[in-house]
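> structure, please.
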Amino acid sequence: MNSPMQPLDLIRTARKTARSQAAVRPRQSDLRRAISTAYYALFHALCMNYADCLIGRTGSDRSKRAWQQAYRTVEHGDARKRCANQNTISEFPTEIRDFALQFRTLQQKRHSADYDPHARFTRTEVDTDIDVAERVIKGFDLVSLKDRRAFAAWTAMKTRRT
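Numbers count the residues shown, from 1 in each chain. Take a look at the predicted model:
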(Lines give C-alpha, C1' and ligand atoms only; values in the text may rest on other atoms or scores of the structure.)
Protein backbone atom coordinates (compact mmCIF):
# COMPACT_ATOMS: atom_id res chain seq x y z
CA MET A 1 0.00 0.00 0.00
CA ASN A 2 1.23 3.50 -0.73
CA SER A 3 2.23 5.49 2.30
CA PRO A 4 -0.47 7.99 3.35
CA MET A 5 0.20 11.70 3.54
CA GLN A 6 2.36 12.50 6.55
CA PRO A 7 1.34 15.42 8.79
CA LEU A 8 4.96 16.46 9.42
CA ASP A 9 5.51 16.66 5.65
CA LEU A 10 2.69 19.21 5.57
CA ILE A 11 4.44 21.13 8.36
CA ARG A 12 7.60 21.25 6.23
CA THR A 13 5.53 22.48 3.27
CA ALA A 14 3.90 25.17 5.42
CA ARG A 15 7.30 26.34 6.64
CA LYS A 16 8.69 26.41 3.09
CA THR A 17 5.66 28.35 1.86
CA ALA A 18 5.88 30.92 4.66
CA ARG A 19 9.52 31.52 3.80
CA SER A 20 9.11 31.37 0.04
CA GLN A 21 10.43 34.89 -0.47
CA ALA A 22 13.70 36.20 0.87
CA ALA A 23 12.09 39.61 1.39
CA VAL A 24 11.26 40.80 4.88
CA ARG A 25 7.62 41.17 3.88
CA PRO A 26 6.39 37.94 2.32
CA ARG A 27 3.29 37.92 0.17
CA GLN A 28 0.05 37.57 2.09
CA SER A 29 -0.93 34.75 -0.29
CA ASP A 30 2.10 32.74 0.87
CA LEU A 31 1.37 33.37 4.54
CA ARG A 32 -2.31 32.46 4.05
CA ARG A 33 -1.36 29.23 2.27
CA ALA A 34 1.11 28.39 5.05
CA ILE A 35 -1.55 28.85 7.77
CA SER A 36 -3.97 26.67 5.83
CA THR A 37 -1.34 23.98 5.31
CA ALA A 38 -0.37 24.00 9.00
CA TYR A 39 -4.03 23.47 9.92
CA TYR A 40 -4.30 20.61 7.46
CA ALA A 41 -1.26 18.98 9.07
CA LEU A 42 -3.27 18.83 12.31
CA PHE A 43 -6.40 17.67 10.51
CA HIS A 44 -4.55 14.86 8.74
CA ALA A 45 -2.89 13.83 12.01
CA LEU A 46 -6.39 13.54 13.48
CA CYS A 47 -7.67 11.54 10.49
CA MET A 48 -4.66 9.24 10.49
CA ASN A 49 -5.02 8.62 14.20
CA TYR A 50 -8.68 7.67 13.78
CA ALA A 51 -7.99 5.29 10.90
CA ASP A 52 -4.98 3.73 12.63
CA CYS A 53 -6.90 3.22 15.87
CA LEU A 54 -10.00 1.79 14.20
CA ILE A 55 -8.56 -0.24 11.33
CA GLY A 56 -4.90 -0.69 12.22
CA ARG A 57 -1.67 1.12 11.61
CA THR A 58 0.09 -1.32 9.30
CA GLY A 59 0.05 -4.87 8.16
CA SER A 60 -1.20 -7.06 5.40
CA ASP A 61 -4.43 -7.75 7.31
CA ARG A 62 -5.41 -4.09 7.16
CA SER A 63 -7.89 -3.28 4.41
CA LYS A 64 -6.77 -0.25 2.41
CA ARG A 65 -10.36 0.59 1.55
CA ALA A 66 -11.56 0.35 5.15
CA TRP A 67 -8.62 2.46 6.34
CA GLN A 68 -9.41 5.13 3.74
CA GLN A 69 -13.07 5.13 4.75
CA ALA A 70 -12.16 5.57 8.41
CA TYR A 71 -9.68 8.31 7.48
CA ARG A 72 -12.40 10.21 5.62
CA THR A 73 -14.89 9.91 8.51
CA VAL A 74 -13.50 12.85 10.49
CA GLU A 75 -15.42 16.06 9.84
CA HIS A 76 -13.83 19.47 10.35
CA GLY A 77 -16.73 21.15 12.16
CA ASP A 78 -17.60 18.21 14.39
CA ALA A 79 -13.96 17.73 15.35
CA ARG A 80 -13.66 21.43 16.25
CA LYS A 81 -16.78 21.29 18.42
CA ARG A 82 -15.49 18.19 20.19
CA CYS A 83 -12.07 19.77 20.70
CA ALA A 84 -13.83 22.79 22.24
CA ASN A 85 -15.77 20.70 24.78
CA GLN A 86 -13.67 21.42 27.86
CA ASN A 87 -15.68 19.05 30.05
CA THR A 88 -14.37 16.11 28.04
CA ILE A 89 -11.08 17.47 26.69
CA SER A 90 -9.91 18.24 30.23
CA GLU A 91 -9.95 14.49 30.95
CA PHE A 92 -7.24 13.80 28.34
CA PRO A 93 -3.47 14.05 28.84
CA THR A 94 -1.80 17.44 28.34
CA GLU A 95 -0.53 16.52 24.88
CA ILE A 96 -4.06 15.83 23.64
CA ARG A 97 -5.41 18.99 25.29
CA ASP A 98 -2.66 20.98 23.55
CA PHE A 99 -3.48 19.31 20.24
CA ALA A 100 -7.20 20.09 20.66
CA LEU A 101 -6.50 23.74 21.47
CA GLN A 102 -4.20 24.19 18.49
CA PHE A 103 -6.67 22.37 16.22
CA ARG A 104 -9.39 24.89 17.14
CA THR A 105 -7.04 27.86 16.93
CA LEU A 106 -5.58 26.97 13.55
CA GLN A 107 -8.96 26.04 12.11
CA GLN A 108 -10.17 29.55 12.91
CA LYS A 109 -7.03 31.07 11.42
CA ARG A 110 -7.43 28.89 8.32
CA HIS A 111 -10.97 30.18 7.90
CA SER A 112 -9.66 33.75 8.10
CA ALA A 113 -6.81 32.95 5.71
CA ASP A 114 -9.10 31.28 3.19
CA TYR A 115 -12.26 33.39 3.42
CA ASP A 116 -11.52 36.83 4.88
CA PRO A 117 -10.04 39.07 2.18
CA HIS A 118 -9.09 41.67 4.82
CA ALA A 119 -7.23 39.33 7.16
CA ARG A 120 -3.50 40.06 7.48
CA PHE A 121 -0.77 37.79 8.77
CA THR A 122 2.84 38.37 9.72
CA ARG A 123 5.70 36.00 9.06
CA THR A 124 6.45 35.86 12.80
CA GLU A 125 2.86 34.91 13.64
CA VAL A 126 2.75 32.25 10.93
CA ASP A 127 6.16 30.83 11.88
CA THR A 128 4.99 30.56 15.50
CA ASP A 129 1.76 28.81 14.48
CA ILE A 130 3.70 26.33 12.35
CA ASP A 131 6.16 25.64 15.18
CA VAL A 132 3.33 25.06 17.65
CA ALA A 133 1.50 22.78 15.20
CA GLU A 134 4.66 20.71 14.76
CA ARG A 135 5.17 20.50 18.53
CA VAL A 136 1.60 19.36 19.25
CA ILE A 137 1.68 16.74 16.47
CA LYS A 138 4.92 15.29 17.86
CA GLY A 139 3.52 15.36 21.40
CA PHE A 140 0.27 13.75 20.27
CA ASP A 141 2.20 10.89 18.68
CA LEU A 142 3.82 10.11 22.05
CA VAL A 143 0.50 9.70 23.90
CA SER A 144 -0.56 6.18 24.87
CA LEU A 145 -2.61 4.22 22.35
CA LYS A 146 -5.42 3.99 24.91
CA ASP A 147 -5.72 7.78 25.11
CA ARG A 148 -5.33 8.28 21.36
CA ARG A 149 -8.12 5.73 20.79
CA ALA A 150 -10.38 7.53 23.24
CA PHE A 151 -9.64 10.85 21.52
CA ALA A 152 -10.29 9.27 18.11
CA ALA A 153 -13.67 8.02 19.28
CA TRP A 154 -14.48 11.37 20.87
CA THR A 155 -13.61 13.48 17.82
CA ALA A 156 -15.01 11.32 15.02
CA MET A 157 -17.93 9.31 16.34
CA LYS A 158 -21.38 10.68 16.98
CA THR A 159 -22.37 10.68 20.63
CA ARG A 160 -25.57 9.02 21.73
CA ARG A 161 -27.29 9.70 24.99
CA THR A 162 -27.68 6.68 27.23
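
> when you work out contacts or count neighbours from here on, use the C-alpha atoms and nothing else.
Will do.

> how long is stretch 53-66 end to end?
End-to-end distance of stretch 53-66: 12 Å, with Cα to Cα, to the nearest Å as the criterion.

> what's near enough to touch the residue minimising distance to the centre of the chain?
Nearest to the geometric centre of the chain sits Leu42, at 1.2 Å (Cα atoms, centre = their mean). Listed by Cα atoms under 8 Å, 6 or more residues apart in numbering, the contact partners of Leu42 are 7, 99, 103, 133, 137.

> that one and Lys138, how far apart?
11 Å.

> again, but for Ser36
In terms of Cα to Cα, Ser36 sits 19 Å off from Lys138.

> next one: Tyr39
Taken as Cα to Cα, the span from Tyr39 to Lys138 is 14 Å.

> for Val126, same thing?
Note on Val126: its distance to Lys138, by Cα to Cα, is 18 Å.

> what of Ile96?
Relative to Lys138, and taking Cα to Cα, Ile96 is found at 11 Å.

> for Tyr40, same thing?
15 Å.

> more neighbours, the two?
More neighbours surround Tyr40 than the other of Tyr40 and Lys138, with 21 against 16 (other Cα atoms under 10 Å).

> ok, that one - contacts?
7, 10.

> which parts of the host helix or strand of it are buried?
Element membership of Tyr40 [criterion: DSSP states H and E] is helix 28-54. The neighbour-count check on helix 28-54 (16 or more other Cα atoms under 10 Å) flags 28, 30-54 as buried.

> stretch 143-156 now?
Result for stretch 143-156 [16+ other Cα under 10 Å]: buried residues 143, 148-149, 151-152, 154-156.

> distance between it and the chain's centre?
The chain centre lies 14 Å from the centre of stretch 143-156; the measure is Cα atoms, centre = their mean, to the nearest Å.

> helices along the protein, start to end?
Counting by DSSP state H, residue ranges of the helices within the chain are 7-18, 28-54, 64-71, 76-84, 86-89, 94-115, 123-141, 145-156.

> now those helices in a markdown table, please, with extra columns for mean pLDDT.
Compiled in a markdown table, these are given as follows (pLDDT from 0 to 100):
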| stretch | mean pLDDT |
| --- | --- |
| helix 7-18 | 94 |
| helix 28-54 | 95 |
| helix 64-71 | 91 |
| helix 76-84 | 93 |
| helix 86-89 | 93 |
| helix 94-115 | 97 |
| helix 123-141 | 97 |
| helix 145-156 | 94 |
